[in-house]
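Asker: model this:
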Amino acid sequence: MNAFVTDIWRHPIKAHGREALAHILLSKGRTMPWDRRWAVAHELTTFDFKNPEWVHCTNFSRAAHAPQLQAIEARCDLHRGTVTLSHPKLKDLTIDPNNESDANTFIQWVLPISPHNRALPTRIVRAPKVGMTDTDFPSISLVNQASNTAVGAQLGAEISPTRWRPNFVMDGLEPWVERTWIGKRIKIGHAEIEVRENIKRCMATTVSPTTGQKDADTLGALKTLNGNREFGIYGVVTKTGDVRQGDIIEVL
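Answerer: As a prediction, this is how the structure comes out:
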């Protein structure tokens with residue numbers, strides 16, 4: 001059975017919503033379009049608002065410390081420059097993250113699901129030349145459905161691959177085979193990606209993407225299965241091309 005793409009996801013505002021896609025055009029040396037385009041700086045951030053550049057994820061609000069964020073879904077309107085956010089405990093909100101008034105409205109919207117014993121969200125930020133990925137390079141993230149199933153089996157429960165917040169979900173592979181791809185190139189649809197590293201996971205993955213509640217010791221399961229907290233892979237686009245659901249994945 002050939003490996004293939006089952007799901008495509010982007011996360012326009014880092015840690016604040018996922019959007020399912022049928023297809024996407026990947027560009028060489030770039031993150032997925034509108035993926036982690038913005039992030040939400042908190043009270044203790046060291047992000048330089050006057051000279052915006054990539055900084056570590058600890059400078060932003062994230063589901064590792066605010067579990068309810070994991071339940072946010074997003075819909076982007078690229079022509080209008082807007083993002084519509086949905087959460088089971090909140091009314092839907094449509095904003096232009098670049099608009100200061102809209103951004104302030106967003107902060108008020110997200111505060112009720114932000115723990116008040118942690119640094120609170122204060123501002124939506126963007127570094128125009130880069131995406132706010134968890135890596136200091138323009139990464140694309142991929143996870144293997146078979147590996148996800150293996151983690152679920154260890155936990156004794158089915159889990160959704162969306163809790164890993166990937167860009168692509170792959171199927172038709174043996175569990176954990178993606179870990180052998182480091183340093184190799186893969187063809188995914190018409191694009192090509194150089195696989196850089198395994199992804200080290202945090203507490204965000206213990207949270208249900210449906211309820212926003214911690215419900216699974218994913219980190220413990222990974223430690224038992226592989227002796228580490230890694231799941232999924234990061235890569236960099238080396239050849240521009242379109243990727244669609246159902247496209248074949250080939251190791252070159």
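Asker: contacts, neighbours, all on C-alpha from now
Answerer: OK.
Asker: report the central residue of the chain.
Answerer: With distances taken as CA atoms, centre = their mean, the residue of the chain nearest its centroid is residue 165 (3.6 Å).
Asker: okay, that one: pLDDT?
Answerer: Residue 165 is assigned 98 on the pLDDT scale.
Asker: identify the bridge partners of the closest residue to residue 181 other than its chain neighbours.
Answerer: By the measure of CA to CA, 6 or more residues apart in numbering, the closest residue to residue 181 outside its immediate chain neighbours is residue 195, 6.3 Å from it. With DSSP bridges applied, the residues forming beta bridges to residue 195 are residue 235.
Asker: all helices for the stretch 151-252 of the chain, in order.
Answerer: 218-226 (DSSP state H, counting those that start in this stretch).
Asker: buried residues, stretch 133-148. List them.
Answerer: Of the residues in stretch 133-148, those buried under the neighbour-count criterion (16 or more other CA atoms under 10 Å) are 133-134, 137-148.
Asker: please flag which of those residues sit within strands.
Answerer: The members of the buried residues of stretch 133-148 that map onto strands under DSSP state E are 140, 141, 142, 143, 144.
Asker: so what's the residue nearest to residue 181 up against?
Answerer: Residue 195 is in contact with 181, 182, 183, 184, 185, 186, 233, 234, 235, 236, counting by CA atoms under 8 Å, 6 or more residues apart in numbering.
Asker: from those residues, which ones fall inside strands?
Answerer: Assignment to strands by DSSP E places the following of the contacts of residue 195 there: 185, 186, 233, 234, 235, 236.
Asker: ok, the second one touching residue 196?
Answerer: Translated: residue 186. No - using CA atoms under 8 Å as the test, residue 186 is too far from residue 196 to be in contact (11.2 Å).
Asker: return a ChimeraX selection command for the buried portion of the contacts of residue 195.
Answerer: Per 16+ other CA under 10 Å, the buried members of the contacts of residue 195 correspond to this ChimeraX selection:
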select :181,185,186,233,234,235,236
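Asker: nearest to residue 85, of the contacts of residue 195?
Answerer: residue 234 (26.1 Å; CA to CA).
Asker: return the set of residues that bridge with residue 41.
Answerer: Listed beta-bridge partners, residue 41: residue 60, residue 123 (assigned using DSSP bridges).
Asker: isn't it up against residue 126?
Answerer: No - using CA under 8 Å, residue 41 makes no contact with residue 126, being 9.6 Å away.
Asker: how close does the residue nearest to residue 181 sit to residue 97?
Answerer: Between residue 195 and residue 97 the computed distance is 31 Å (CA to CA, to the nearest Å).
Asker: over to residue 59?
Answerer: Look at residue 59 and residue 97: by CA to CA, they are 18 Å apart.
Asker: pick out whichever of these two has more residues nearby.
Answerer: More crowded of residue 59 and residue 97, by other CA atoms under 10 Å: residue 97, with 24 against 17.
Asker: which helix or strand contains the more buried one?
Answerer: Using DSSP states H and E, residue 97 is not contained in any helix or strand.
Asker: so who does it touch?
Answerer: Contact partners of residue 97, counting by CA under 8 Å, 6+ apart, are 38, 82, 83, 103, 124.
Asker: residue ranges with poor pLDDT in the protein?
Answerer: Residues of the chain meeting the criterion pLDDT under 70: none.
Asker: who does the residue nearest to residue 167 when sequence neighbours are not counted form a beta bridge with?
Answerer: Distances taken as CA to CA, 6+ apart put residue 9 closest to residue 167, at 4.6 Å, once the chain neighbours are dropped. Beta-bridge pairing for residue 9 (DSSP bridges): residue 20.
Asker: got a list of what residue 9 touches?
Answerer: For residue 9, the residues meeting the contact criterion (CA under 8 Å, 6+ apart) are 18, 19, 20, 21, 165, 166, 167, 168.
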